[in-house]
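Chemist: sequence unknown, structure follows:
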């Protein structure tokens, strides 16, 4: 378990953040099922000491600034509250990270919520485009799978699958716990050690990520929806976060498509009026799945002209 602490005394606020180093690319036999995301939804639904209602009530009393999310390579949980609620916040967060019981009724409630989320994604052209981009960019690496999984495969997951995956991956070696705010570092470290003293150390399940074969030719994928605009993403494979090229790609992304003064925005949107919206982005994760991309929303009849104009600017 790694602990990172930062004292900030200008306001009486504390933020507690837990990062679990497992996401949708690490799901092994559950790839494409969204089990990491499922755990994020159900982990705070009850512990050995508290029910879901009791957890919700405590979080509400602390200001209700608490949430979670799952990505391709980690899950994140946090509570931000006033200094006076520090001990309770730490107790609640550590409790459901270490002692979740995954009550069967709550698991099924969250299954229904996620099912609705996945159905909603099917009506969102931006989400569909994002998933289609990664399915096209990657043929072997599990980055090709959506974080939430495919809904038919997701529905096959059982509560026992959730318990098994949690036990394999929610271990101290996979936890980075970060606290920032109005506290003394030495005292905060003692509180964290006490809160996580029951976090039994286990060897995390090793998962080998396959390498992505070098792309040898241009790839294109199209999906048709009943919408009034064309949504476009163009991209390239790039580097991991520890590459010396990472800052260079970030600068290129900023110059090309970050803000109203960027080249793509200024030329394609303002000058030539080819796009309603356009931006560039660079994603450089810690695994081999770096991508540089450009997103645009354009009139369908201008799609080819926009593609050519983007390549000209690149």
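Modeler: Received the coordinates, thanks. Keep in mind the model is a prediction, meaning the values are calculated, not measured.
Chemist: how about the helices in the stretch 201-314 of the chain?
Modeler: According to DSSP state H, counting those that start in this stretch, the stretch 201-314 of the chain carries its helices in the segments 246-257, 263-264, 303-313.
Chemist: just want the angle from the last one to helix 246-257.
Modeler: Between the axis of helix 303-313 and that of helix 246-257 there is an angle of 130 degrees, by axes from the mean of the first three to the mean of the last three C-alpha atoms, to 10 degrees.
Chemist: distance to residue 174 and mean neighbour count added to the helices of the stretch 201-314 of the chain, as TSV?
Modeler: Bear in mind the C-beta positions are built from the backbone N, C-alpha and C, glycine included. What follows is the helices of the stretch 201-314 of the chain, written out as TSV (distance: least, C-beta to C-beta, whole Å; neighbours: other C-beta atoms under 10 Å):
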stretch	distance to residue 174	mean neighbour count
helix 246-257	24	16
helix 263-264	39	20
helix 303-313	39	15
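Chemist: for residue 39, which of those helices is the nearest?
Modeler: Of all the helices of the stretch 201-314 of the chain, helix 246-257 sits nearest to residue 39, with 29.8 Å by C-beta to C-beta.
Chemist: touching, residue 74 and residue 24? I think so.
Modeler: No: using C-beta atoms under 8 Å, residue 74 is not in contact with residue 24; the gap is 9.9 Å.
Chemist: enumerate the positions of stretch 53-71 that are buried.
Modeler: In terms of neighbour count (16 or more other C-beta atoms under 10 Å), stretch 53-71 has its buried residues at 55, 58-59, 62, 66, 68, 70.
Chemist: end-to-end on it?
Modeler: 27 Å (C-alpha to C-alpha, to the nearest Å).
Chemist: chain center to it, what's the gap?
Modeler: 18 Å (C-alpha atoms, centre = their mean, to the nearest Å).
Chemist: thinking again about what came up before, which one of the buried residues of stretch 53-71 sits closest to residue 231?
Modeler: Distances from residue 231 to the buried residues of stretch 53-71, taken by C-beta to C-beta, are shortest for residue 70, at 23.8 Å.
Chemist: check that closest one and give its pLDDT.
Modeler: Residue 70 carries a pLDDT score of 97 in this model.
Chemist: shouldn't it be in contact with residue 23?
Modeler: Yes: between residue 70 and residue 23 there is a contact under C-beta under 8 Å: 6.0 Å.
Chemist: what is the rounded mean pLDDT of the lengthiest helix in the chain?
Modeler: For the chain, the helix with the greatest residue count under DSSP state H is helix 104-121. Across helix 104-121, pLDDT averages out at 95.
Chemist: so what's the residue count around residue 193?
Modeler: 11 (other C-beta atoms under 10 Å).
Chemist: rewinding a little: okay, the angle between the following helix or strand past the longest helix of the chain and helix 104-121?
Modeler: Following helix 104-121 in sequence order, the next helix or strand is helix 125-137 (DSSP states H and E). Going by the same axes, to 10 degrees, helix 125-137 is angled at 90 degrees with respect to helix 104-121.
Chemist: can you list the buried residues in helix 125-137?
Modeler: 127-134, 137.
Chemist: tell me how far the longest helix of the chain lies from the chain's centre.
Modeler: 18 Å.
Chemist: could you do stretch 47-59 as well?
Modeler: Worked out by C-alpha atoms, centre = their mean, stretch 47-59 lies 25 Å from the chain centre.
Chemist: nearest spatial neighbour of residue 260, skipping sequence neighbours?
Modeler: Leaving out its chain neighbours, the residue that sits closest to residue 260 by C-beta to C-beta, 6 or more residues apart in numbering is residue 266, at 7.1 Å.
Chemist: list the contacts of the most centrally placed residue in the chain.
Modeler: In the chain, the C-alpha nearest the mean C-alpha coordinate belongs to residue 71, at 2.3 Å (C-alpha atoms, centre = their mean). Shown in contact with residue 71 (C-beta atoms under 8 Å, 6 or more residues apart in numbering): 23-24, 147.
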